[in-house]
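*Asks:* Sequence first, predicted coordinates after that:
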Amino acid sequence: HISPSEPTKPTVRPARGDQAIYRKILTSSNVYVENWTMGPKDSGLEGLPKSWGITKKRLKGGLQDGVDTVEVSNGVLTALIVPTKGMNIQHLRMGNITINWNSPVKGIVHPFFNNLEDNNGLGWLYSFNGWMVRCGAEWSGHPGDDNGRLMSLHGKIAHIPASHVEVLVESDGTIRIKGIVREVWFKGANLELQTEISLAPGSRSISITDTLINKCPNKS
């Protein structure tokens with residue numbers, strides 16, 4: 001359970017096409033929320049379960065400096081989402097049980113400190129840890145040379161910060177975190193990952209829905 005530490009007065013905005021009764025944008029064009037907490041006591045929303053919470057933080061110090069995290073709890077299951085690293089999920093926690101890979105690499109390494117081309121393209125391993133780590137999107141797999149271009153291990157998307165992150169709370173208390181991660185370069189890939197991570201109140205499961213869109217124009 002995440003206890004709210006700062007009062008908030010959200011504006012309830014019904015959303016078209018879904019059951020969201022509250023929406024807050026944490027990251028977008030010219031929008032950035034560094035630290036924010038929302039729970040049942042300060043949400044201003046009535047009729048929701050009493051045990052849930054959302055906490056947005058920016059980590060400081062060492063290799064994690066500047067990393068954004070969003071911790072979501074439905075009262076039973078807690079997920080730590082990392083928008084700075086392609087919307088990875090660092091861990092799940094239920095009671096005193098934490099689910100993730102106990103990697104020799106400790107903490108969340110900011111992409112700024114991680115050169116993917118180090119060690120002949122194995123730089124991805126210098127920050128590899130967590131529960132759900134993304135691969136791709138332009139390529140994945142072992143590093144190698146592709147017509148003179150170094151393709152580093154498992155691609156870049158896990159080291160690209162999300163350009164849009166928002167929180168939605170549905171009328172039944174389901175929390176949804178939506179993120180958009182773009183992998184784009186001039187005359188190259190133009191890929192957009194749209195992800196939605198949701199937890200229903202009191203549930204022991206988590207739902208992850210990813211949509212990968214190829215926005216490259218068709219070549220004649």
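*Replies:* Ah, there it is.

*Asks:* List the residues that contact the residue positioned nearest the centre of the chain.
*Replies:* The chain has Met87 as the residue nearest its centroid, 2.5 Å off, counting by C-alpha atoms, centre = their mean. By C-beta atoms under 8 Å, 6 or more residues apart in numbering, the residues touching Met87 are 81, 134, 162, 165, 179, 181, 193, 195, 197. Quick note: C-beta positions are derived from backbone N, CA and C, even for glycine.

*Asks:* Which element, helix or strand, includes the fifth one?
*Replies:* Right, the one you point to is Gly179. Secondary structure from DSSP states H and E places Gly179 in strand 175-184.

*Asks:* Now Thr174: phi and psi?
*Replies:* Main-chain dihedrals, Thr174, degrees, to the nearest 10: phi -60, psi 130.

*Asks:* unless I'm mixing things up, it is touching Ile197, no?
*Replies:* No: in this structure, Thr174 is not within contact of Ile197 by C-beta atoms under 8 Å, at 11.2 Å.

*Asks:* buried stuff in the strand holding Gly179?
*Replies:* The neighbour-count check on strand 175-184 (16 or more other C-beta atoms under 10 Å) flags 175-183 as buried.

*Asks:* host element of the spatially closest residue to Ile213 that is not a sequence neighbour?
*Replies:* Excluding its sequence neighbours, the residue lying closest to Ile213 (C-beta to C-beta, 6 or more residues apart in numbering) is Glu192, at 4.5 Å. Assigned by DSSP H and E, Glu192 belongs to strand 190-199.

*Asks:* Do a quick rundown of the helices in the chain.
*Replies:* Using DSSP state H, the helices of the chain run over 118-121.

*Asks:* Flag the shaky bits of the chain, pLDDT-wise.
*Replies:* For the chain, the stretches flagged by pLDDT under 70 are 1-18, 42-44, 46-47, 218-220.

*Asks:* And the strands in it?
*Replies:* Secondary structure of the chain, counting by DSSP state E: strands at 20-28, 31-32, 36-38, 53-58, 68-73, 78-82, 88-94, 97-99, 144-146, 149-151, 164-170, 175-184, 190-199, 207-214.

*Asks:* Who are the packing partners of the third one?
*Replies:* Right, strand 36-38. On a contact count with 3 or more C-beta pairs under 8 Å, 6 or more residues apart in numbering; DSSP states H and E, strand 36-38 meets strand 20-28, strand 53-58.

*Asks:* for the shortest one, packing partners?
*Replies:* The criterion is 3+ C-beta pairs under 8 Å, 6+ apart, and the helices and strands that strand 53-58 contacts are strand 36-38, strand 68-73.

*Asks:* Output those as JSON lines; include the columns mean neighbour count.
*Replies:* JSON lines is the format used below for these (neighbours: other C-beta atoms under 10 Å):
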{"stretch": "strand 36-38", "mean neighbour count": "19"}
{"stretch": "strand 68-73", "mean neighbour count": "21"}
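
*Asks:* wait, the residue nearest to Ile213 sits on His164?
*Replies:* No: in this structure Glu192 lies outside contact range of His164 using C-beta under 8 Å: 10.0 Å.

*Asks:* overlap in contacts of those two?
*Replies:* Contact criterion C-beta under 8 Å, 6+ apart; residues shared by Glu192 and His164: Ile180.
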